[in-house]
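*Asks:* sequence first, then the predicted structure:
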Amino acid sequence: MKKQILGLALSTALGFSTPLLAAGAAQSIHVYKSPTCGCCTAWVDHLESNGFDVEVTDTQDMNRVKIEAGLTRNLASCHTAFVGDYVIEGHVPADDIHRLIANAPKARGLAVPGMPAGSPGMEMGDRKDHYQVLMFNDNGQTKVFSEHN
């Protein structure tokens, strides 16, 4: 898999200021996941029920996908997706992805590191851990995009 992710020159220290995609960009998303991961499949269902046209690629080599996407270990989760020029890592809520596309900030993407209970695809009854969705740039620098639970 050869995928051009982003070729951005950052204009600010964190590079989150300039629009990259036009609002209303296509709602197609390509998800890479392990073929045996149930929470990844549940996250795909969450995306589909929230208006995304999802293409899924099952792979046994998620580390390669993450490396090629430029993800650092501190941002990693179980699945990696691409929407427009953005990388989406982990259990990011569909509403946050829609907001990212609509606002089109200059960034590499969004990540929910780890697998917090109560995030989309990680529902565990009434358990809902507090978690942050992080926006990150080409250098792996982050800032909080949203907070949940």
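*Replies:* Good, I have the coordinates. Residues are numbered from 1 along each chain as shown.

*Asks:* and the residue nearest to residue 119 when sequence neighbours are not counted, what does it touch?
*Replies:* Closest residue to residue 119 apart from its sequence neighbours, by C-beta to C-beta, 6 or more residues apart in numbering: residue 91 at 3.7 Å. Where C-beta positions appear, they are placed from N, C-alpha and C, glycine not excepted. Contacts for residue 91 were tallied using C-beta atoms under 8 Å, 6 or more residues apart in numbering; they are 39, 43, 77, 112, 115-116, 119-122.

*Asks:* how far away is residue 91 from residue 54?
*Replies:* Computed as C-beta to C-beta, to the nearest Å, the residue 91 to residue 54 distance reads 14 Å.

*Asks:* which SSE is residue 44 in?
*Replies:* For residue 44, the host element (DSSP states H and E) is helix 38-48.

*Asks:* so the helix or strand just after that helix versus helix 38-48, what angle?
*Replies:* Under the assignment DSSP H and E, the closest C-terminal helix or strand after helix 38-48 is strand 53-58. Here strand 53-58 points in a direction 160 degrees away from that of helix 38-48 (axes from the mean of the first three to the mean of the last three C-alpha atoms, to 10 degrees).
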